[in-house]
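In: Turn this into a structure:
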Amino acid sequence: MVGYNVVFTGETGHGKSSLVNLLVQLEASKVSRGPMSVTERSQRYTILRDSHIYRLWDTPGFNGAATGNVTQYQAENELRSLFKQLASKDGIHLVVFCLRYNKWITEGNQKVYKSILSCARGIDVPIVAVVTHADEMAPNTDRAWWDEMRTEREKMKMYFAGHAYISTLKDESLPPSPGRRQRNLDLMWRLMQTHIKPLSLTCISSQTINLILFGESGVGKSSVVNLISGRDIAQISGAAEGCTLSSTEYAIELGPYHFRIWDTVGLNGPAVGFDVFFASIKATYSLICHITAVGGINLLLFCLRGGRIKTMDISNYRLFYELLCEKHVPIGLVITHLENERNMEDYWINNEESFTRYGIKSVGHACVTALSSTQEKYKLSKLALHGLLTDCDRFGKYTMPPEAWFIRFASAFLSFVHPGERMPKGKKMTKALRKRCGFSQEIAEQMARQLRCNWIQQYLFIMANFANSPISGYHRTPSI
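Out: Got it, this is the predicted structure:
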């Protein structure tokens with residue numbers, strides 16, 4: 001993945017989450033106001049700066065066992081697991097060790113430092129120290145304090161590539177220091193960019209990512225496109241979007257990434273007629289040809305409204321994931337309309353099991369709102385989306401010969417045609433495919449044969465189940 005991984009660690013209450021909030025310039029990460037740790041598992045925040053992607057990892061605090069809700073053992077295991085996960089992918093580029101200003105280096109600091117070394121065993125990564133609560137230091141004593149602690153640090157075998165004194169106070173009047181927050185923000189970035197481990201050569205080149213964005217009408221797909229791009233490039237309308245699988249392409253640049261997003265119309269009803277079927281497969285053929293021309297698809301982005309999972313959500317998941325992409329393309333979930341949630345991520349925590357129960361698999365998710373009036377939540381939504389999208393370069397591009405791909409999908413799409421529909425026969429089907437879909441005579445004839453065969457198979461399947469159905473008198477079968 002093109003981007004830097006920066007891990008923040010330290011004791012509970014020493015300012016890890018406050019540092020992350022300073023860097024993203026939001027109250028993104030919960031801050032502990034006492035001995036209890038509120039960071040219970042590693043949380044990632046993805047930001048763009050100077051055309052580079054930075055993934056900031058806020059980890060559970062150490063030494064909170066006595067009064068906190070995360071034990072030393074849990075914190076160390078979480079950190080070790082994170083290090084292992086990142087090292088196996090694109091690496092760890094910097095560890096930020098947070099220690100609160102004190103008159104001396106404590107044994108707690110030393111224990112945490114040893115835990116970091118233990119978790120990072122075999123991993124070459126620079127460690128920098130950030131002395132937090134620098135506003136509590138006497139004026140002009142910062143350099144002297146660090147120099148005075150050198151002997152103590154060396155005795156404890158604590159070595160750092162660099163250090164900085166940081167205050168994360170928002171109130172610049174206590175103590176008075178106009179512009180303090182911006183100065184500390186600049187200082188923090190200077191420390192990170194000076195000592196961060198360079199990206200590997202394989203990660204430096206720009207990458208093109210192709211995505212299909214789909215979902216039911218009204219869930220906010222166009223708003224999601226605008227949220228990703230940071231500007232209004234997709235028209236938002238309450239009107240009908242068009243036929244199923246018609247799409248609009250958008251190009252968005254995000255640091256080293258070039259995204260091609262096809263905003264695609266999903267199903268809006270349980271079944272379709274043959275009029276909609278012909279229009280939809282024509283739109284599908286155009287979509288498949290475009291995808292094939294650019295090398296394939298990396299990710300499906302499934303957009304659905306927060307709340308209960310509906311039948312149409314499952315139908316759209318099946319249409320795109322199972323039928324169009326044959327389960328070969330990973331899915332990212334975008335849950336919209338969460339502006340009324342106190343914490344948008346709570347939706348996923350409360351509903352993850354429901355997605356699993358309905359068989360909806362995903363490689364990641366983003367809980368969002370597209371309402372710019374919510375300000376903080378809107379900015380958090382953008383961070384969540386950028387994080388989800390910049391992960392998908394680890395997936396290869398799925399493609400296959402367009403004619404074979406299309407015929408296979410069109411045949412499978414028959415399962416969404418209403419059983420009571422009468423299928424055009426013989427030359428009428430071929431003519432319809434040529435006239436309404438613009439196919440050549442050869443492809444139209446091949447498709448007509450395949451569709452007819454699949455339609456009969458579907459008929460026989462329904463009839464086989466119809467015979468054993470207790471309500472068989474009310475069941476409608478395909479007309480052949």
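In: Can you pull out the low-pLDDT segments for the stretch 301-450 of the chain?
Out: Under the criterion of pLDDT under 70, the regions of the stretch 301-450 of the chain flagged as low confidence span 393, 426, 436.
In: which residues in this structure form strands?
Out: 4-10, 43-49, 52-58, 94-100, 127-132, 162-165, 207-215, 247-254, 257-265, 299-305, 331-336, 364-367 (DSSP state E).
In: Check those strands for me: which has the lowest mean pLDDT.
Out: Comparing mean pLDDT across the strands of the chain, the lowest value falls on strand 43-49: a mean of 88.
In: Mind listing the residues bridging to residue 336?
Out: Applying DSSP bridges to residue 336 gives these bridge partners: residue 305.
In: next one: stretch 79-87 to chain centre, how far?
Out: Counting by C-alpha atoms, centre = their mean, to the nearest Å, stretch 79-87 is centred 19 Å from the centre of its parent chain.
In: What about residue 52, how many residues nearby?
Out: Burial of residue 52 is recorded as 15 neighbouring residues (other C-beta atoms under 10 Å). (C-beta placed from N, C-alpha, C; glycine too.)
In: just the one 10 residues further on next, same as before
Out: Number of residues near residue 62 (other C-beta under 10 Å) recorded here: 27.
In: Kindly provide the distance from it to residue 310.
Out: 44 Å (C-beta to C-beta, to the nearest Å).
In: same question, residue 429
Out: Using C-beta to C-beta, we find residue 429 at a distance of 33 Å from residue 310.
In: Show me which of these two is the more surrounded one.
Out: Relative neighbour count places residue 429 above the other of residue 429 and residue 310, with 21 against 12, counting by other C-beta under 10 Å.
In: which residue packs closest to the more buried one, ignoring adjacent ones?
Out: With C-beta to C-beta, 6 or more residues apart in numbering as the measure, residue 448 is the residue that lies nearest to residue 429, at 4.1 Å, once sequence neighbours are left out.
In: what ranges do the helices span in the stretch 101-250 of the chain?
Out: Ranges of helices within the stretch 101-250 of the chain are 107-119, 142-148, 150-155, 180-195, 201-204, 221-229, based on DSSP state H, counting those that start in this stretch.
In: got a list of what residue 430 touches?
Out: By C-beta atoms under 8 Å, 6 or more residues apart in numbering, residue 430 lies in contact with 441, 444, 445, 448.
In: burial measure for the closest residue to residue 198 other than its chain neighbours, as a count.
Out: What sits nearest to residue 198 in space, not counting adjacent residues and going by C-beta to C-beta, 6+ apart, is residue 93, at 8.0 Å. Here the number of neighbours of residue 93 (other C-beta under 10 Å) works out to 23.
In: quick one: the most centrally placed residue in the chain from residue 211, how far?
Out: With distances taken as C-alpha atoms, centre = their mean, residue 388 lies nearest the centre of the chain, 1.8 Å away. In this structure, residue 388 and residue 211 are 10 Å apart, going by C-beta to C-beta.
In: what's the residue lying closest to residue 153 once chain neighbours are set aside sitting at in phi/psi?
Out: Nearest in space to residue 153, with sequence neighbours left out and distances taken as C-beta to C-beta, 6+ apart, is residue 105 at 6.0 Å. Backbone dihedrals for residue 105, given as degrees, to the nearest 10, come out at phi -80, psi 130.
In: how many neighbours does residue 105 have?
Out: 19.
In: repeat for residue 312
Out: For residue 312, the neighbour count with other C-beta under 10 Å is 18.
In: Does it touch residue 267 like I think?
Out: Yes: the pair residue 312 / residue 267 is scored as a contact, 6.2 Å apart, by C-beta atoms under 8 Å.
In: quick one: common contacting residues for these two?
Out: Residues touching both residue 312 and residue 267 by C-beta under 8 Å, 6+ apart: residue 216.
In: show me the contacts for the residue nearest to the centre of the chain.
Out: By C-beta under 8 Å, 6+ apart, residue 388 lies in contact with 332, 334, 364, 365, 366.
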